[in-house]
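1. Structure, please.
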Amino acid sequence: MANRTDPTAKSIRGTNPQNLVEKIVRSKIYQNTYWKEQCFGLTAETLVDKAMELDHIGGTFGGNRKPTPFMCLVMKMLQIQPEKEIVIEFIRNDDYKYVRVLGAFYLRLTGTDTDVYQYLEPLYNDYRKLRQKLPDGRFSLTHVDEVIDELLTKDYSCDIALPRIKKRWTLESLGTLELRKSALEEDFEEEEDKEENDQLDDGMDDGAYEKVGFSLSPPPQRTFTIVCFSMQFSFIINLFFQYHPDPEIAEANRLRASLGLKPLK
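-> Numbering: from 1, shown residues only. Predicted coordinates for the structure are as follows:
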């Protein structure tokens with residue numbers, strides 16, 4: 001029968017891999033035209049070509065709850081159970097975003113807890129847009145990192161109940177999973193190193209001034225000279241404004257200068 005699981009396939013979580021999809025959804029997939037025409041006879045190698053043709057993701061839609069091609073290919077992967085290396089290559093594919101999401105979805109259903117975190121978390125850095133078909137048949141815009149977050153944090157995705165996985169901190173405490181490294185960690189380290197170098201440079205500049213006998217503040221002798229020059233300049237200016245050919249006006253200007261008023265012309 002075309003709907004039977006590959007005899008060489010291993011059970012997943014103690015059950016037939018196709019049973020990871022609920023029975024009512026499986027029935028809809030088996031009756032779907034895309035499944036009968038496009039998925040018949042697919043192997044792990046030829047399935048890649050069909051995955052490259054995907055242009056949206058989603059579960060079931062419409063009044064009859066028709067499955068999307070994405071869901072049909074997920075079911076086909078559960079049926080033929082491709083090698084783990086092939087699934088990982090799907091996930092690492094940078095050229096076809098829907099191939100990447102297809103591999104991530106399949107690994108979330110069949111992979112171990114450690115593999116799920118190890119291979120899906122790096123996809124948080126993929127911000128490419130995806131088309132998602134809603135249950136009412138309309139399309140909405142989502143992103144790769146949003147789909148990955150849904151796979152890691154939600155119980156349902158694309159009308160399929162996701163198997164339970166351990167929390168990340170539990171796997172870290174057991175030593176089976178390394179601490180998650182942020183993509184910005186290297187940038188933070190570079191920024192910290194730059195700040196430390198700037199502080200060292202500032203300290204060296206101050207020390208160089210002191211070593212050669214210079215100080216950042218002006219010397220007292222120089223300050224005294226500046227003050228004296230300012231006083232002499234003010235005295236000359238006052239004399240200039242106070243001088244006038246008319247003795248009475250000159251006397252009045254001296255008085256006005258003492259009061260801080262402008263001199264008479």
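2. only C-alpha atoms for contact and neighbour calcs from this point on.
-> Noted.
3. Which pLDDT value belongs to the closest residue to residue 123 other than its chain neighbours?
-> The shortest distance from residue 123 to any non-neighbouring residue, by CA to CA, 6 or more residues apart in numbering, is to residue 145 (6.2 Å). Note on residue 145: pLDDT of 96.
4. who touches residue 67 in this structure?
-> Contacts for residue 67 (CA atoms under 8 Å, 6 or more residues apart in numbering) come out as 25, 28, 29, 32, 59, 60, 61.
5. Test of understanding: give the bridge partners of it.
-> Note on residue 67: beta-bridge partners residue 60, judged by DSSP bridges.
6. mind checking how far it is from residue 144?
-> According to CA to CA, to the nearest Å, residue 67 and residue 144 sit 21 Å apart.
7. what do you get for residue 175?
-> For residue 175, the distance to residue 144 - CA to CA - is 29 Å.
8. Looking at the two, which is more packed in?
-> A direct count of neighbours by other CA atoms under 10 Å for residue 175 and residue 144 places residue 144 higher, at 21 against 10.
9. Check the burial of residue 115 by counting its neighbours.
-> When neighbours are counted by other CA under 10 Å, residue 115 comes out with 15.
10. so after the lowest-mean-pLDDT helix or strand in the chain, what's the next helix or strand?
-> Lowest mean confidence among the helices and strands of the chain (mean pLDDT, DSSP states H and E): helix 220-242, at a mean of 52. Note on helix 220-242: by DSSP states H and E, the next helix or strand toward the C-terminus is helix 247-258.
11. Just the buried residues of that following helix, please?
-> Using 16 or more other CA atoms under 10 Å as the test for burial, helix 247-258 gives 249, 250, 252, 253, 254, 257.
12. what does stretch 53-65 give?
-> 54, 56, 57, 58, 59, 60, 61, 65.
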